[in-house]
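[1] Structure, please.
(chains A and B)
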Amino acid sequence: MKNEKLQERLDQLSEELIFTDDSNLEVLDSVYGNFRDIYDEVKDSLPEKYHLDVDEMEKSKVRNVLIESIQTLQRFSRDDTHTMENVESGKDEAISFHEKEDDDIELFYDFINESKEHLEASEKSLLTLETNPGDKDSINTIFRAFHSLKGLAGFLMLDDVQSLAHEAENILVLIRSGELKIVSELIDIFFIVLDMFNQMSKQIEKSLADKSSLARVPGFEIMLKNLQEIAKNKGMNETLQDKQSDILTENFNDTGSVNNKVKEVVKIDAERLDRLIDTIGEVVIAESMLKQFVDQHENNSNQLSSRIVYMSKITRELQSMATSLRMIPIKGLFQKMNRLVRDLGRKADKKVDLIINGEDTELDKSVIDMLADPLVHLLRNAVDHGIEDDVSKRTGLGKSETGSISLKAFHQGGNIVVEVADDGKGLDHELIYEKALQKGLVRQNETLTKSEIFNLIFSPGFSTAKKVTDVSGRGVGMDVVKRNIEQLRGNIRIDSERGRGTKMIIILPLTLAIIDGMITKTGSEQYIIPTLSVIRTIRPQKDEIKTVFQKDEVFYFEGEHVPLVRMRNLFGLKQDDENTESELIVVLESVGHKIGLVVDELLGQGQIVIKNLSNFTKKIDGVAGGTILPDGTVGLILDVCEIVKKIINTKKEQTEGGE
Amino acid sequence: MTEENKIQNDEIQNAEGGVGVIRAKEGKYLTFQLDTEVYGLDILMVQEIIGLIPITRVPKMPDFLRGVINLRGKIIPIIDLRVKFRLDAKEDTEKTCIIVVQIEVDGKQLTMGAIVDEVAEVIDIRQNQIEFPPSLQVNAALDFIMGMGKIGEKVIMLLDIEQVFGEEDIQSAFEQCAQ
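    Numbers count the residues shown, from 1 in each chain, chains lettered A, B, ... in the order given. Next up, the predicted model:
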C-alpha cells in the first residue's frame, strides 16, 4: 500500500522536476521539501535496525537533491533574463547606492576588488582539494577567504554576502573538524557558492554604476537553505561557535608567514598607466629623432654623442619598464581554465586532466584579456571533440583512461607562445577535406598539404563536429578564434596526428603597443611590415618572376608558386620613378597563404610603437595603424592579413571566372 | 535694424532664394588667406598653428586629404583646404601652414589639421558686422560658410569648420576606404 503511494508521489515529483527546467525555483524548493517527506516516510516504514543505513542513504539523497537544485541554480543564475525578474523580487532587503557618499562608494569598490582576490584564491584551493581532499592549507585558505568576506561584508552591511559567507564557513568548520567528509559534490557546491559570490559582487558593481538599489541575486535563499541543510544534517550547530574560534586562531597563526612573502603592491588606475606609457613612448621617439639628427649632422662632438648614448640607455630602460608595467602573469587566466576544463569534463562525462605549465609567463594585460575567449574555445574543443568519447578507444591505443590536456605558455624569440594540446583523437584531415569540399571551400582537384587542410577549420562556418553539444560544435568558433588571435597581432597554428592528439599553437606579441617591424621604402614612401608575418626577404633574379595570363606575376618559393603584388599597384603609388634594379620581394604569410610583396628597398628593422591613425579616419584598406618614424614623420603599418586575404580572393575570383 | 526686423529679414531671404541663416556668432576669429580670399575661423576651435612639416600620404584617400602628420606623438589627418574648396593647386611656400583645430563630429572630439596659404591675424567681429552668406545657387561650399564678416572694406568668410570636416563626402570617403 505504502509503496504504491510512494510510487505515485515520486511520479508526481518527477513531472514537477521536468517543470523545474523552466527554472522555477519555487517548484524546485517544494520538490526538495517533498523529497524530504518521502525520505521520512521511507525511514518510518523501515524497521529500526535499518535506520543507520538510511542515515547513509539520507546523506546521498540529500546530496542528490542538492546536486539537482544546484544544477537548476546554475542554469538559473546564468540566465540573464531571469536575473532581471528576480532583481525586482529581491527589493525588500535592498541597499540603495544613490544616497551614498563618494567615500563610501570607494569602500564598496575596494570590497569588489578584494573579494575578487579572495574568490580567486578560494577557487584555486578548491581545485587543489579536488585532487587532494586532505590538503589542510587549501581548506584554511578558503576558510580565511570566506571569513574575510564575511567581515568585510558585515562592515559594509552587505547582509546577503555576509550570510552566505557565514553559512559556507559553517560547513568549512565541519570539514575542518572531520565531521564532514570532502566529497566531490561538496566541492561542486562550493564552486557554486563562489559563483554566487561573484554574481553578488557583479550586482554590487552594477548598482554602484547606475546608483540603483542593490538587488538580491537569484537563487540566494535556496542556496542558503541548502548550506544550512548540509550543516544541520551533521547536527553540529551548537558547537559551531567554539570551533570557529579555534580554527580562527590557528589560521591567523599561519597567515603571518604567508604575508611575509607577498610583494608590496600599489594599485594604479589603468588610464593613468596608459598615459604614462604613452608619454614614455613619446620620449623614446623624441630620443631617436634627436639621435638621428645628431648622426646626420657631422659636426657632432664626441661629448655630444656620448651623452646621447647615455640618454639612449635611459630611454631603453624606460621603455622596457613601461612595457613591464602592463605585464601580468598569465596565471589568473590559466587558473580559470582549470575550472573550465573541470566543468566541461563533467558535462561531457569524460575524465580529463589539465596540466598547466608556465603560468608565471607575463603578458600585456590587454593581451591576456583578449586571449580569454579564444582559449576557452580551444579548451572546449579539446574536451568536447579532442578527447575520445569512448574510453576503450583510448586504452586501445595505449593511452591512459584519463584524457590529458596541457596548457602551456612560454617565451620564444620575442614572442609569447601559448599552447593547448590534448592527447585525444587528433584531427581527421580527410574528413576536414571532404567537408571543405562540400562547403565549397576547396575545389575538387585541389591538392593541399596537411597543414593547409588543418587551416581550413579556421574558415567561417566550418565545423566537423558530428554532434552538437551544449558546449561546442555549433559551427561557429575556430574562425572567431583565429580572428581574435589576429586582432592581437598573433598567429595560430595546428599540429595534429590522428590518434595521438591535437596541438594548437598560438604565437602572440609581448605587447599590443610595440611590434617588431621592418621599415620598407617604395618610391618616396615608407611602409612598415610587422616582422611576425614576414617569412623571408629575397632579391629576385629577373627570370624568377613569371607572368601568368600576361598580367599576374608569380614567383617560385620553396616549392610553390606565390602570387606577387607590387606595393606601387597596391597603394596606387606614383609609377614614374620605378626602379626595378633593386627591387626586393618580402614573402608574407597570413591566414595560411603566402604572397610576395615587391618593395624598393629595406631601410631597417626595429621596435615600432603603434599609434592610432587618428580617430577620425576609419579603417584604411591594407593599413593596420601608424607609427612615428625616427625622423619624426608618420609611417604606416601594413595590415598583412587584410592584404593577403584580398590578393587571395581576387586570385580565386579570377580563376573561378575563367572556368 | 532691430533684432526682430532682422529675423523677419532672415525668413524672407530664406523663402526667396534658400540662402540660409547666419550661424556665425560674434567673437574672436583667426583669419587666414586661401587663394585671394580671406577666411575666418572661430578662435575657440583653433588649438595651434604649425609650420608645414613633412606629410605622410595615406593610400586611397581623396585628394583633399593630404595625409597624416605627427603632432607631438599624436597622428592627425591633414586636409588641404585649397583642394577641398576646388581652388587651383599652388606650390607650398614658406608661408603655407597648418591650422590645427579641435572639432566635434558625431559626438567625438577630433584633432585635425587644415593647410592654408597664410595665417593673417586674430580679429574681433561683432554681431552687427556679420552678414548673410553669398547667394550662389551652385556653390557646394556654401554650407561651410556661417556668415560674412564685414570690417571696413574687408570681407571675411566665416567658416563652419565642423561642417568642412564633418561633410558627407569626407565621411563617405573614409567609409569607402574601409570596404
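
[2] Can you get me a residue count around residue 122?
    Because you didn't say which chain, this covers chain A. Per other Cβ atoms under 10 Å in any protein chain shown, the neighbour tally for A:S122 reads 25. For every residue, glycine as well, the C-beta is placed using N, CA and C.

[3] wait, I meant chain B there
    Other residues lying near B:V122 total 13 when counted by other Cβ under 10 Å.

[4] same deal with the one 10 residues further on?
    When neighbours are counted by other Cβ under 10 Å, B:F132 registers 17.

[5] for it, phi and psi?
    In this entry, B:F132 is assigned phi and psi values of phi -70, psi 150 (degrees, to the nearest 10).

[6] my read: it touches B:I22, true?
    Yes: counting by Cβ atoms under 8 Å, B:F132 does reach B:I22; the two are 6.1 Å apart.

[7] Quick check: neighbours shared by these two?
    With contacts defined as Cβ atoms under 8 Å, 6 or more residues apart in numbering or on different chains, the residues shared by B:F132 and B:I22 are B:G147.

[8] Spell out which residues of chain B are next to chain A.
    For chain B, the contact set with chain A under Cβ under 8 Å from any Cβ of the partner chain comprises B:53-54, B:56-61, B:67-70, B:72-77, B:105, B:108, B:110-112, B:165, B:174-175, B:177-179.

[9] Give the closest residue to A:D631 in space, chain neighbours not counted.
    In space, A:D631 comes closest to A:Q292 once its chain neighbours are excluded; the distance is 5.9 Å by Cβ to Cβ, 6 or more residues apart in numbering or on different chains.

[10] tell me which element the one you found is part of?
    Mapping A:Q292 onto the secondary structure by DSSP states H and E places it in helix A:270-296.

[11] Counting by contacts, list what that helix packs against.
    Helix A:270-296 sits against helix A:302-325, strand A:601-609, with contacts defined as 3 or more Cβ pairs under 8 Å, 6 or more residues apart in numbering or on different chains; DSSP states H and E.

[12] Switch the ones you listed over to a markdown table; also include mean neighbour count and mean pLDDT.
    As requested, those are exported to a markdown table (neighbours: other Cβ atoms under 10 Å in any protein chain shown; pLDDT from 0 to 100):
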| stretch | mean neighbour count | mean pLDDT |
| --- | --- | --- |
| helix A:302-325 | 13 | 82 |
| strand A:601-609 | 16 | 83 |
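
[13] Save the ones you listed as JSON lines, and put in distance to A:L588 too.
    Output for the helices and strands packed on helix A:270-296, formatted as JSON lines (distance: least, Cβ to Cβ, whole Å):
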{"stretch": "helix A:302-325", "distance to A:L588": "26"}
{"stretch": "strand A:601-609", "distance to A:L588": "14"}
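
[14] Nearest to A:R339, out of these?
    Judged by Cβ to Cβ, the one of these that comes nearest to A:R339 is helix A:302-325, at 28.2 Å.

[15] ok, the next helix or strand after the closest one: who's next to it in the sheet?
    Following the chain from helix A:302-325 toward its C-terminal end, the next helix or strand by DSSP H and E is strand A:327-329. Within its sheet, strand A:327-329 is paired with strand A:362-364 (antiparallel), according to DSSP bridges.

[16] Render the CA-only coordinates of the next helix or strand after the partner strand in PDB, please.
    Following the chain from strand A:362-364 toward its C-terminal end, the next helix or strand by DSSP H and E is helix A:365-381. This file holds the C-alpha atoms of helix A:365-381, laid out as PDB (Å, rounded to 0.1, in the frame of the first residue of the first chain):
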ATOM      1  CA  LYS A 365      47.100  42.800 -19.600                       C
ATOM      2  CA  SER A 366      45.100  43.600 -22.700                       C
ATOM      3  CA  VAL A 367      46.500  40.600 -24.500                       C
ATOM      4  CA  ILE A 368      45.500  38.400 -21.600                       C
ATOM      5  CA  ASP A 369      42.000  39.900 -21.500                       C
ATOM      6  CA  MET A 370      41.600  39.300 -25.200                       C
ATOM      7  CA  LEU A 371      43.100  35.800 -25.000                       C
ATOM      8  CA  ALA A 372      40.400  34.500 -22.700                       C
ATOM      9  CA  ASP A 373      37.700  33.900 -25.300                       C
ATOM     10  CA  PRO A 374      39.900  32.000 -27.800                       C
ATOM     11  CA  LEU A 375      41.400  29.900 -25.000                       C
ATOM     12  CA  VAL A 376      38.000  29.000 -23.700                       C
ATOM     13  CA  HIS A 377      37.000  27.900 -27.100                       C
ATOM     14  CA  LEU A 378      40.100  25.800 -27.800                       C
ATOM     15  CA  LEU A 379      39.700  24.100 -24.400                       C
ATOM     16  CA  ARG A 380      36.100  23.400 -25.100                       C
ATOM     17  CA  ASN A 381      37.000  21.900 -28.400                       C
END
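
[17] Can you list the helices and strands that helix A:365-381 packs against?
    Using 3+ Cβ pairs under 8 Å, 6+ apart as the contact test, the elements touching helix A:365-381 are strand A:327-329, helix A:331-348, strand A:403-412, strand A:415-422, helix A:478-487, strand A:501-509.

[18] Let me see the contact set for the residue of chain B found nearest chain A.
    Checking chain B residue by residue against chain A with Cβ to the nearest Cβ singles out B:P59 as nearest, at 3.6 Å. Contact analysis of B:P59 by Cβ under 8 Å, 6+ apart lists A:570-573, A:620-623, A:636.

[19] Report the contact partners of the residue lying closest to A:D373 once chain neighbours are set aside.
    Spatial nearest neighbour of A:D373, excluding adjacent residues (Cβ to Cβ, 6+ apart): A:N484 at 5.9 Å. The contact partners of A:N484, taken as Cβ under 8 Å, 6+ apart, are A:370-371, A:373-374.

[20] Tell me which helix or strand A:Y556 sits in.
    The secondary structure element spanning A:Y556 is strand A:552-557 (assigned by DSSP H and E).

[21] Give me the buried stretch members for that strand, please.
    For strand A:552-557, the neighbour count (16 or more other Cβ atoms under 10 Å in any protein chain shown) marks A:554-555, A:557 as buried.

[22] filter the residues of chain B next to chain A to the buried ones?
    When the residues of chain B next to chain A are checked for burial by 16+ other Cβ under 10 Å, the buried set is B:56-59, B:61, B:67-70, B:73, B:75-77, B:105, B:110-112, B:165, B:174, B:177.

[23] before we move on, back to that, ok, the residue nearest to A:D631 touching A:P630?
    Yes: A:Q292 sits in contact with A:P630 when judged by Cβ under 8 Å, with a separation of 4.8 Å.
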